[in-house]
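> Provide a 3D model corresponding to the input given below.
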Amino acid sequence: MNTVRRAAAAALAAVAVLGSGAAGQASAAPSPTPTTGKLPAGLYGTKDPTYDGVWRQSLAFLAQRTTGYQPSDQAVEWLLGQQCDDGSFASYRADAAKPCDAKTMRDTNATAVAVQALAAVRRQSAAPEKADQAVKDGTAWLKTVQNKDGGWGYGVGGASDANSTSVVVGALAATGTRPTTFTSAGGRTPYDALLAFALPCTDKDGPGAFAYQPDKAGKLFANADATAAATLAGLGKSMVATKASPAQAPACTDLSKPTPERAALNGASYLAKALAKTHHLVQPPMPGAADTAEQPDFGNTADAVVALSAAGASQEAMPALEWLEENSAAWAKESGPAAYAQLVLAARATETDPRKFGPVDLVEQLNAAGPAPKSPDTSASSTTSDDEDSGFDIWWIIGIGTVVGVGIGFLLSGRKK
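Reported below is the predicted structural model:
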């Protein structure tokens with residue numbers, strides 16, 4: 001999701017300068033004023049949170065819970081305070097005491113990831129009822145802004161894209177909500193939208209991949225960032241995913257009537273091939289950047305590791321995980337809590353110790369990026385969100401039974417307790 005948020009930040013800044021933008025509520029307001037001065041005490045990270053405050057806070061929560069830590073009450077209260085009365089979240093609100101209005105740039109991605117994070121921490125928080133209500137309100141708001149095709153765009157009213165749709169599916173997974181029941185006004189589900197971004201195995205440039213969005217002519221182009229996100233979503237997983245068993249090499253197979261899980265496995269096949277040579281993904285230069293050389297994309301490589309492990313391709317994911325162990329320290333230190341969180345989630349997905357991640361103790365670095373979390377919790381509930389284990393995986397495992405009939409030949413495992 002890193003590429004999407006970078007692009008969104010650039011787009012929002014352009015809207016502020018030009019005074020125009022795409023249709024929809026999110027583009028009706030100018031870009032938020034960059035933060036200056038002292039940051040809120042409960043916020044993770046030290047950099048300007050204008051475009052990623054809620055995002056990095058939420059990722060930090062998810063990663064901390066996987067390592068047994070509970071975020072401080074102060075940090076949870078900060079995230080709760082960012083929510084608008086209608087259940088939505090903006091990327092960041094500098095003055096949370098001021099009610100959200102028509103000029104508040106509501107963010108589907110921030111809302112969906114905040115729902116995932118609050119679902120993970122609510123039972124251990126100082127105000128579990130308040131956190132539980134925030135999760136329900138956020139999920140309900142996402143329903144109200146679902147596009148007719150079943151998906152979501154980054155901003156309200158924007159055209160659906162694979163990344164935004166996938167992070168919302170992750171929120172549904174975290175709350176035990178079946179995506180097939182989350183239908184739009186047009187009678188479409190999130191999977192209807194997601195499958196529209198899937199490339200066939202016969203595509204010469206990106207067999208099995210997902211596109212972010214079709215271009216103006218309606219053509220799909222492979223996008224590794226979108227593919228990693230959509231692979232998790234197609235498997236019915238949130239951002240916190242564990243290694244699937246049994247392990248198997250991913251293969252691309254076209255079906256006459258594609259299913260979300262088949263498309264996800266095709267996506268895993270594309271990711272495995274994309275990582276095979278250099279063991280990392282690359283990020284294209286940002287529009288207008290002076291340096292046009294491709295740079296390693298650490299964040300999306302970490303996301304690809306999680307997606308591959310969740311798809312049963314942990315063997316194919318390990319070289320990329322090892323590359324991250326050797327090369328990501330400087331990037332994580334510069335990027336801050338979201339980066340450390342992504343690496344923690346990648347380590348968890350491959351059953352690697354995040355405290356011995358190359359030269360870095362990821363847990364220590366993440367915890368130091370915000371208010372001191374509560375002591376480790378060794379109970380079973382400390383590693384996953386409550387509803388995610390109790391509801392979503394059960395129906396998903398049952399649903400996978402239908403896949404056996406079309407020859408996939410394996411059963412997708414549930415999350416570890």
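> the nearest residue to residue 365 once chain neighbours are set aside: what's it in contact with?
Excluding its sequence neighbours, the residue lying closest to residue 365 (CB to CB, 6 or more residues apart in numbering) is residue 340, at 5.1 Å. For every residue, glycine as well, the C-beta is placed using N, CA and C. Residues near residue 340 by CB atoms under 8 Å, 6 or more residues apart in numbering: 60, 63, 332, 362, 365-366, 369.
> any idea how far residue 340 lies from residue 153?
Here residue 340 is placed at a distance of 28 Å from residue 153 (CB to CB, to the nearest Å).
> also residue 236?
Distance from residue 236 to residue 153, by CB to CB: 22 Å.
> tell me which of those two has more neighbours.
residue 236 (28 against 21; other CB atoms under 10 Å).
> that one should be in a strand, yeah?
No - according to DSSP: H, G, I helix; E, B strand; the rest coil, residue 236 belongs to no strand; its state is coil.
> settle this for me: it is touching residue 174, isn't it.
No - with contact defined as CB atoms under 8 Å, residue 236 does not count as touching residue 174 (10.9 Å).
> shouldn't residue 282 be within a strand?
Yes - counting by three-state DSSP, residue 282 is part of a strand.
> now it: closest residue in space, sequence neighbours ignored.
residue 294 (4.2 Å).
> close enough to count as contact, the one you found and residue 280?
No - Residue 294 sits out of contact with residue 280 when judged by CB under 8 Å, with a separation of 10.7 Å.
> okay, the residue nearest to residue 365: pLDDT?
What the model reports as pLDDT for residue 340 is 98.
> can I assume it sits in a strand?
No - the assignment for residue 340, made by three-state DSSP, is helix rather than a strand.
> need phi/psi at the residue nearest to residue 282.
Taking degrees, to the nearest 10, you get phi -70, psi 140 for the backbone angles of residue 294.
> quick check: the residue nearest to residue 365 vs residue 363, distance?
9 Å.
> got it, and residue 322?
19 Å.
> hmm, residue 371 and residue 42 touching each other?
Yes - under the criterion of CB under 8 Å, residue 42 makes contact with residue 371 at 6.0 Å.
> the two: which has the busier surroundings?
Per other CB under 10 Å, whichever of residue 42 and residue 371 has more neighbours is residue 42, with 20 against 16.
> got a list of what that one touches?
For residue 42, counting by CB under 8 Å, 6+ apart, the contacting residues are 72, 74-79, 370-371.
> one more time with 6 Å, if that's ok
Residue 42 sits next to 74-75, 78, 371 when contact means CB atoms under 6 Å, 6 or more residues apart in numbering.
> how about residue 214: what's its closest non-neighbour residue?
Nearest one to residue 214, counting by CB to CB, 6+ apart, is residue 220 at 5.5 Å.
> my guess is that neighbour contacts residue 213. True?
No - with contact defined as CB atoms under 6 Å, residue 220 does not reach residue 213; the gap is 8.5 Å.
> now the end-to-end length of stretch 186-200.
Taking CA to CA, to the nearest Å, stretch 186-200 runs 25 Å from one end to the other.
> coming back round to it: any idea how many residues pack against the residue nearest to residue 282?
When neighbours are counted by other CB under 10 Å, residue 294 comes out with 11.
> can you show me the strands along the chain?
281-283, 295-297 (DSSP state E).
> which among these is found nearest to residue 48?
Nearest of those to residue 48, taken as CB to CB: strand 281-283 at 20.3 Å.
> buried sites along that closest one?
281, 283 (16 or more other CB atoms under 10 Å).
> does the residue nearest to residue 282 touch residue 281 like I think?
No - distance between residue 294 and residue 281: 9.7 Å, which falls outside the contact criterion (CB under 6 Å).
> what about residue 124, how many neighbours?
So residue 124, with other CB under 10 Å, has 20 neighbours.
> ok, now which ones touch residue 139?
115, 175.
> now do 10 Å
87, 111-112, 115, 119, 168, 171-172, 174-175, 177, 182 (CB atoms under 10 Å, 6 or more residues apart in numbering).
> how far away is residue 117 from residue 63?
10 Å.
> what do you get for residue 274?
In terms of CB to CB, residue 274 sits 24 Å off from residue 63.
> also residue 214?
Residue 214 is 33 Å from residue 63, by CB to CB.
> centre-most residue in this protein?
When CA atoms, centre = their mean is applied to the chain, the residue found nearest the centroid is residue 167 (4.7 Å).
> and the residue nearest to that one when sequence neighbours are not counted, how many neighbours?
Closest residue to residue 167 apart from its sequence neighbours, by CB to CB, 6+ apart: residue 112 at 4.4 Å. A total of 29 residues lie near residue 112 under the criterion other CB under 10 Å.
> one step back: between the contacts of residue 340, which sits nearest residue 263?
residue 63 (27.2 Å).
> show me what contacts the closest one?
69, 117, 120, 239-240, 337-338, 340-348, 354, 362-363, 366-367.
> span of stretch 307-315 from start to end?
End to end - CA to CA - stretch 307-315 spans 12 Å.
> that stretch: how far from the chain's middle?
16 Å (CA atoms, centre = their mean, to the nearest Å).
> list the buried residues of that stretch.
In stretch 307-315, counting by 16+ other CB under 10 Å, buried: 307-314.
> and for stretch 86-103?
Buried, per 16+ other CB under 10 Å, within stretch 86-103: 87-94, 96, 100.
> could I get that stretch in CSV with only the CA atoms?
Provided in CSV are the C-alpha atoms of stretch 86-103 (Å, rounded to 0.1, in the frame of the first residue of the first chain):
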residue,chain,number,x,y,z
ASP,A,86,-20.3,9.2,10.9
GLY,A,87,-17.8,6.4,11.6
SER,A,88,-15.2,7.5,8.9
PHE,A,89,-11.6,8.4,9.4
ALA,A,90,-9.5,11.0,7.5
SER,A,91,-5.8,10.4,7.0
TYR,A,92,-5.2,12.8,9.9
ARG,A,93,-7.1,15.4,11.7
ALA,A,94,-4.8,17.9,13.5
ASP,A,95,-7.7,19.3,15.5
ALA,A,96,-9.8,16.3,16.5
ALA,A,97,-12.0,18.4,18.8
LYS,A,98,-13.4,20.1,15.7
PRO,A,99,-16.3,18.0,14.2
CYS,A,100,-15.9,16.6,10.8
ASP,A,101,-17.8,18.5,8.1
ALA,A,102,-18.2,18.4,4.3
LYS,A,103,-14.6,19.7,3.9
